[in-house]
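Novice: Build me a structure from this.
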Amino acid sequence: MIKLIRLALGGLIVSADRLTRGPKLKRPEEQQREVERQVKSLALYQFSLCPFCVKVRRKMHKLNLPIEIRDAKSQGTFRDELLNGGGKIKVPCLRIETQQGARWMYESSDINRYLEREFG
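Specialist: You can find the predicted model right below:
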């Protein structure tokens, strides 16, 4: 019963998100290409119906960030990557690849602050 309620609420949140999304940030073409190059080092591990994941996806949309989305619920390999790399199966999680290695950022508010600071 709880699972059914969670699915229904998740579906409502996703639907509301799609209906109320605003426009994407417009950048000059060259600047957008540079952003697209930079976000290749990022990946968002998420569950599609998770409200906190929706919050991060909204920020990605608003900032016009084509970050790779990895569904850790339906893709076993992504779930394993999240557990082995980040240390826990918790979403949303932003994987930030740097020269020093991967950094795993949990918490939707922290992720959104990071995205706003880097790309806003």
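
Novice: which other helices and strands contact the longest helix seen in the chain?
Specialist: As assigned by DSSP state H, the longest helix anywhere in the chain is helix 2-20. If you count contacts as 3 or more CB pairs under 8 Å, 6 or more residues apart in numbering; DSSP states H and E, helix 2-20 packs onto helix 51-62. All C-beta spots, glycine's among them, are computed from the backbone N, C-alpha and C.

Novice: in the helix it packs on, what's buried?
Specialist: Neighbour counts over helix 51-62 (16 or more other CB atoms under 10 Å) mark 52-62 as buried.

Novice: Let me have those in CSV, extended by pLDDT and distance to Thr77.
Specialist: Shown next, in CSV, are the buried residues of helix 51-62 (pLDDT from 0 to 100; distance: CB to CB, whole Å):
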residue, pLDDT, distance to Thr77
Phe52, 94, 22
Cys53, 95, 18
Val54, 94, 23
Lys55, 95, 25
Val56, 97, 21
Arg57, 96, 21
Arg58, 94, 26
Lys59, 96, 25
Met60, 96, 22
His61, 95, 25
Lys62, 95, 29
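
Novice: so who does the nearest residue to Ile69 once chain neighbours are set aside touch?
Specialist: Of all residues not flanking Ile69 in the chain, Leu44 sits nearest, at 5.2 Å (CB to CB, 6 or more residues apart in numbering). Neighbouring residues of Leu44 by CB atoms under 8 Å, 6 or more residues apart in numbering: 53, 56-57, 60, 67-70, 92-95, 111.

Novice: And the furthest pair within those residues?
Specialist: The most widely separated members of those, counting by CB to CB, are Arg57 and Arg95 (15.3 Å).

Novice: what kind of secondary structure is Lys26 in?
Specialist: Counting by DSSP: H, G, I helix; E, B strand; the rest coil, the backbone at Lys26 sits in coil.
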